[in-house]
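In: below is the sequence, then the predicted model.
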Amino acid sequence: MTPKLISKSNKAIITSTATVNERAQELESSLHCSNSSSQSSCVPRSKVKSRKFRHKLPHSNILAKLFIINKKSNEQESGIYSTPVVKSIVLGKHEAFINQTSKTMSTSDDLSYYFIRTNLQPQMQHRMISLIPDPFSDKMDRMETSRQLKINLLRINHIHLNSRLPVKIISTPIWTHYAVHVVIQDENSHCLRLSIYNWSYVMNTRQIKSYKYIQECLTRLLPINSCIVVLDPWLKMCHDGQIALRCESPNTHLLMIDFETGCSTDTRTDVEQLRQWGNLCYQADDNLGAIEFYTYGLRQIDEQQEKELECKGKSVTSKTEECEQHRIRLLSNRCACYLRERHAALALADTSILLSINELSNVLASPKTTAGKLLFRCLSAHLHLGLFDKVESLIKSHKLTIGSTSGENVTAITLLERELARLRDENIKERYDLQGMLGEQISFHKNEKPSLMFIDLSHYHVECNRNDLFEVRQCLAEEITRNGYPKNSYGIYALKNIEPGTLLVVEQPFASIDNRVIGEQRCHSINFWPKNEKISIIDYCNDDILRLLNEVEKQLLIGNTSWITFDKIKLMQPIRRWLIETKHKNVSEKVEDNEISDSLGDGQMPSSCKKHWQKQFLKHLTPPTSYIPWRTLFETQQQNPFRSKSTVGWYPLGSMFNHSCSPNCLWYLIGDYLFIYVCASNIRCGDELTISYCPLWISSLNERTSQLRQFGITSCRCLLCSYDRSNMPQYESELKTFSNLHALSRQKNLSRSKRFSYLKKLKEIYEFIKKKFRQRSIGFINEFVDLENLSHYFQHKCDENNHDDIDEIEIETFLNEQESSFLQRLSRVCRLTIKDLPKIGNPMSLFGTHMQLLAYHLEQRSTHEHTCELEQWNRLLECLYEIYTFKCHTSTSNMKKILNDHNKLFTCLLQTQSFLQNPTILR
Ligand SMILES: C[S@@+](CC[C@H](N)C(=O)[O-])C[C@H]1O[C@@H](n2cnc3c(N)ncnc32)[C@H](O)[C@@H]1O
């Protein structure tokens with residue numbers, strides 16, 4: 001790549017797609033030239049190994065080449081930056097950059113036409129996630145013990161550890177989706193551009209922040225002339241050819257001295273201002289920002305009251321009453337943020353002040369709405385923690401009725417009573433309104449953005465963790481060898497024989513995002529990092545995943561006041577390994593792995609949330625280090641299978657389940673709740689409980705293997721994989737022939753006769769593989785569904801005029817045969833025997849798109865036939881409906897209703913679950 005091109009292609013961080021295409025073409029031609037002239041300046045094509053194409057991008061190859069970094073060229077320049085570029089030039093360039101980007105970004109928040117690139121390598125190396133309750137004090141401590149530097153003492157491409165660079169802001173900051181750029185000046189008036197990446201104030205998490213909102217934040221955080229301190233400064237030769245400061249981990253390495261001291265002392269920013277800033281954040285659903293401002297406000301009140309007490313003794317003045325009102329407002333608002341973010345224990349702590357005040361009537365008298373809200377939030381926090389009896393007694397208590405006489409509050413109490421009944425049902429009977437939850441999820445999909453809710457109680461559900469039925473434990477050596485699991489793996493094991501249709505887990509995510517929120521406007525991030533000197537590895541990571549990891553960090557920042565938040569994810573595999581390694585490094589006496597992991601997890605997963613919140617205030621474990629590398633979180637996400645068509649989330653307990661291609665448990669993501677239940681009927685005490693990470697019933701071993709590789713599983717050794725592997729290569733080649741023919745049969749403008757000939761050929765291959773591989777524990781379900789769907793196509797088109805030379809009688813005969821033998825064929829493909837019905841060995845094998853076909857056939861036949869065989873299938877359907885809804889919906893003997901319910905369930909599931917493959921229906 002020519003130097004000119006590097007600077008040109010990198011200057012515009014945000015570029016329209018058209019421009020990207022032009023650049024790519026330009027690059028293509030220049031690559032040819034430069035390849036012959038200066039081979040060393042770019043990575044040879046053969047050495048660029050493409051790894052994971054999780055989300056294939058258009059023009060991916062071209063774009064990949066466009067953004068290859070030549071790491072060496074950066075490293076070459078590492079001298080001292082003794083003669084910094086003059087101020088007017090730095091400011092001039094920044095000004096030009098602002099003009100260029102603000103034109104594109106401020107016009108709208110629609111980023112669909114912009115291409116945004118992120119290089120993950122610096123994040124991998126330098127981004128740290130804070131694990132401590134007060135990152136500000138920690139940064140202050142580190143600042144005090146560090147060595148002070150100036151710009152002209154910095155080395156290029158070097159990180160100055162244990163150092164600090166105090167500087168002043170001298171330009172307007174500008175945000176370019178991933179980074180904030182601003183010009184800073186040191187005490188010698190030397191200037192530099194500072195690029196701040198991954199900053200919690202501006203980055204997208206579950207919430208997408210608008211350009212306008214971020215610019216407003218930046219004016220508050222980085223006003224001109226304010227002082228900031230960069231810890232461990234990193235001067236870098238950037239891709240645009242400029243030398244600038246880069247801060248990769250501002251949450252741990254950037255101190256906004258002026259802003260933070262201003263917020264902490266009432267001389268500069270008063271409590272009312274802080275509350276209003278908090279409210280602005282809350283309205284934008286930026287709950288982390290809001291919590292921070294409310295906390296500053298509360299600290300100021302504390303300090304003020306302490307001072308007053310010192311001066312005036314214990315007399316209560318009108319000033320302290322005003323303070324009390326302020327405090328209640330701030331606590332109530334902060335509590336709402338905690339509830340929105342599902343930190344119920346912290347929410348409860350904020351509202352407990354309410355219950356501790358004896359003379360509530362005074363507090364509640366004015367202002368009434370604040371008190372009403374606080375009451376409602378207090379009760380919601382109790383509900384979230386499963387303290388149902390307490391809520392009941394509080395609702396009844398005289399204490400609370402004082403404040404709840406106004407109309408608005410009566411409505412709130414009625415709502416609470418209704419929700420209390422629902423949540424109790426979920427808790428005691430493990431009954432969830434699945435159809436309702438699924439329907440809600442789909443309607444949300446249609447209506448796009450959810451409205452911001454005062455308190456999101458209706459979307460809250462009780463968690464379930466049947467640790468009486470299973471345990472989370474380290475796998476034994478023989479289990480590891482048999483299954484090919486990595487060393488020190490954990491898994492989930494049955495403690496009893498378990499019936500199919502038994503709910504095991506309902507889990508709220510530790511962090512989740514709705515991956516449909518930006519929909520069409522989704523930005524693509526391209527990330528790449530050379531792993532070693534010889535081979536460059538290009539990796540593609542979707543913008544959603546980066547957003548989810550930001551959400552993980554946000555949850556840690558919100559919940560770090562209690563170490564318990566990190567406790568929830570500490571058993572997830574890469575995090576667990578990192579902890580063990582870190583402990584080994586830190587602890588002087590050598591402790592066995594097992595002992596450490598036992599102390600990490602107390603031998604088992606944390607019990608339900610109810611117990612958590614109580615432990616939270618008792619248990620103050622010291623984290624082994626103050627920070628966790630972002631890389632470890634990235635690796636954890638790489639093993640995470642939980643993604644539906646709408647949600648990606650982290651489920652600490654769910655992620656202890658290992659994978660099998662013929663699992664004995666199933667999972668759904670409904671909203672952002674994970675449900676795991678037993679589906680096979682042969683689970684005995686001691687058996688491992690498994691789920692499938694990839695879509696169910698993929699017949700091709702190669703396809704399954706490539707899907708599993710993205711979760712860190714290189715070679716699955718489940719029974720299905722072992723059988724398929726033993727029949728290679730014929731197994732794969734027959735399936736390949738089937739899938740190629742199937743693709744041909746689905747072409748749009750095919751004549752009816754041609755399509756029918758494909759159908760017959762497909763049937764032949766299908767019959768062949770079924771016979772040839774008859775020992776396979778499950779038949780070829782997806783191929784069976786493909787054939788059925790193709791046959792349906794002919795049914796629909798039967799009466800159309802066609803001028804094809806085709807024997808319609810032949811088609812009809814073919815279809816009739818298919819129709820009459822459907823149930824037999826289905827029973828063979830799922831390995832059932834008709835006489836077993838409805839008690840079948842493995843209800844799991846009937847779960848999938850073929851279930852819809854079964855419902856369709858029964859519907860067709862039930863109108864005119866009443867054979868005994870049909871009744872058996874009907875009863876099976878009833879029985880399956882109960883299992884697949886883990887008895888949340890009991891079946892009636894009304895066949896029509898069952899068919900209807902079943903169809904509804906499967907239609908909704910197909911629309912929301914990514915582990916179910918959508919049938920390819922011809923229209
Ligand atoms: C979500 S975790 C499952 C729990 C994990 N075993 C643990 O110790 O925490 C996924 C990781 O477990 C391992 N794993 C799960 N199922 C596996 C399988 N069938 N074969 C090999 N490794 C598997 C892989 O290392 C994978 O990246």
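Out: Yep, it's here. Residues are numbered from 1 along each chain as shown.
In: in this protein, what residue comes closest to the ligand?
Out: Per CB to the nearest ligand atom, residue 712 is where the chain lies closest to the ligand, at 3.0 Å. The way it works is simple: take the backbone N, C-alpha and C, and place the C-beta from them, glycine included.
In: residues contacting that residue?
Out: By CB atoms under 8 Å, 6 or more residues apart in numbering, residue 712 lies in contact with 638-639.
In: what are the phi and psi angles of it?
Out: As for residue 712, its main-chain torsions (degrees, to the nearest 10) stand at phi 80, psi 20.
In: next one, pLDDT for it please.
Out: Note on residue 712: pLDDT of 90.
In: repeat that for residue 536.
Out: On pLDDT, residue 536 comes in at 44.
In: mind giving me the packing neighbours of whatever helix or strand residue 383 lives in?
Out: Counting by DSSP states H and E, the element that carries residue 383 is helix 368-384. Secondary-structure packing of helix 368-384 (3 or more CB pairs under 8 Å, 6 or more residues apart in numbering; DSSP states H and E): helix 318-340, helix 344-356, helix 360-365, helix 388-396, helix 407-429.
In: what's the burial count for residue 388?
Out: Residues lying near residue 388 (other CB atoms under 10 Å) number 17.
In: please read the previous query as pertaining to residue 757.
Out: If you count neighbours by other CB under 10 Å, residue 757 ends up with 14.
In: what of residue 684?
Out: Per other CB under 10 Å, the neighbour tally for residue 684 reads 9.
In: how many residues are close by the residue nearest to it when sequence neighbours are not counted?
Out: In space, residue 684 comes closest to residue 497 once its chain neighbours are excluded; the distance is 5.3 Å by CB to CB, 6 or more residues apart in numbering. For residue 497, the count of nearby residues is 13 (other CB under 10 Å).
In: tally up the residues packed near residue 175, please.
Out: The number of residues packed near residue 175 is 22, by other CB under 10 Å.
In: contact partners for residue 708?
Out: 659, 693-694, 714, 716.
In: same question for residue 236.
Out: Shown in contact with residue 236 (CB under 8 Å, 6+ apart): 74, 156-157, 243-246.
In: can we see that at 6 Å?
Out: Contacts for residue 236 (CB atoms under 6 Å, 6 or more residues apart in numbering) come out as 157, 246.
In: how far away is it from residue 899?
Out: Residue 236 sits 64 Å away from residue 899, going by CB to CB, to the nearest Å.
In: same deal with residue 720?
Out: The spacing between residue 720 and residue 899, counted by CB to CB, is 30 Å.
In: residue 429 too?
Out: To residue 899, residue 429 is 26 Å away according to CB to CB.
In: the two: which is more packed in?
Out: Per other CB under 10 Å, whichever of residue 429 and residue 899 has more neighbours is residue 899, with 19 against 10.
In: how about the CA coordinates for the strand or helix carrying the more buried one, as PDB?
Out: Per DSSP H and E: residue 899 is located in helix 895-912. Taking C-alpha atoms only, helix 895-912 is exported to PDB below (Å, rounded to 0.1, in the frame of the first residue of the first chain):
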ATOM      1  CA  MET A 895     -57.900 -31.100  19.300                       C
ATOM      2  CA  LYS A 896     -58.600 -28.000  17.400                       C
ATOM      3  CA  LYS A 897     -57.400 -25.900  20.200                       C
ATOM      4  CA  ILE A 898     -54.300 -28.000  20.700                       C
ATOM      5  CA  LEU A 899     -53.500 -27.600  17.000                       C
ATOM      6  CA  ASN A 900     -54.000 -24.000  17.100                       C
ATOM      7  CA  ASP A 901     -51.900 -23.500  20.300                       C
ATOM      8  CA  HIS A 902     -49.200 -25.600  18.900                       C
ATOM      9  CA  ASN A 903     -49.100 -23.700  15.600                       C
ATOM     10  CA  LYS A 904     -49.000 -20.500  17.500                       C
ATOM     11  CA  LEU A 905     -46.100 -21.600  19.700                       C
ATOM     12  CA  PHE A 906     -44.100 -22.900  16.800                       C
ATOM     13  CA  THR A 907     -44.700 -19.900  14.500                       C
ATOM     14  CA  CYS A 908     -43.600 -17.600  17.400                       C
ATOM     15  CA  LEU A 909     -40.500 -19.800  18.100                       C
ATOM     16  CA  LEU A 910     -39.500 -19.900  14.500                       C
ATOM     17  CA  GLN A 911     -39.600 -16.100  14.400                       C
ATOM     18  CA  THR A 912     -37.500 -15.700  17.500                       C
END
